[in-house]
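K.L.:
Turn this into a model:
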Amino acid sequence: MPAIAGNREYAESGLLYSYGGLLTDQFRRAAYYVDKIFRGAKPGDLPVEQPTRYSFVINRKTARALGLTLPAEFLLRADAVID
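P.N.:
Predicted structure coming up:
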């Protein structure tokens, strides 16, 4: 059954496609928050942030296995296409 996920690693492992924030950015921001907390900030006072960069990855091998034909426009919008 076709499925999507939020991390690129899932598409690399065989999922049809992924769309979500970049993990490297999320780890960087997490380190920023840990630093703030270690310096005495209260976790409840820290703002909630949304990702600012996203990655869209398509696994064309999985699409072929499912018998799906992906439009060229769809493939052009992807940040990465896995064959």
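
K.L.:
Now do the lengthiest helix in the chain, average pLDDT.
P.N.:
Counting residues, the longest helix in the chain under DSSP state H turns out to be helix 23-38. Helix 23-38 comes out with an average pLDDT of 93.

K.L.:
Give the buried residues for it.
P.N.:
Residues of helix 23-38 classed as buried: none (neighbour count, 16 or more other C-beta atoms under 10 Å). Glycine gets a C-beta too; all of them are placed from N, C-alpha and C.

K.L.:
what does that helix contact?
P.N.:
The contact list for helix 23-38, computed with C-beta atoms under 8 Å, 6 or more residues apart in numbering, reads 7-9, 43, 46, 49, 51-53.

K.L.:
now stretch 64-77
P.N.:
Outside stretch 64-77, the residues touching it (C-beta under 8 Å, 6+ apart) are 2, 16, 56, 58, 60, 63, 81.

K.L.:
Do a quick rundown of the helices in this structure.
P.N.:
8-12, 23-38, 60-65, 72-77.
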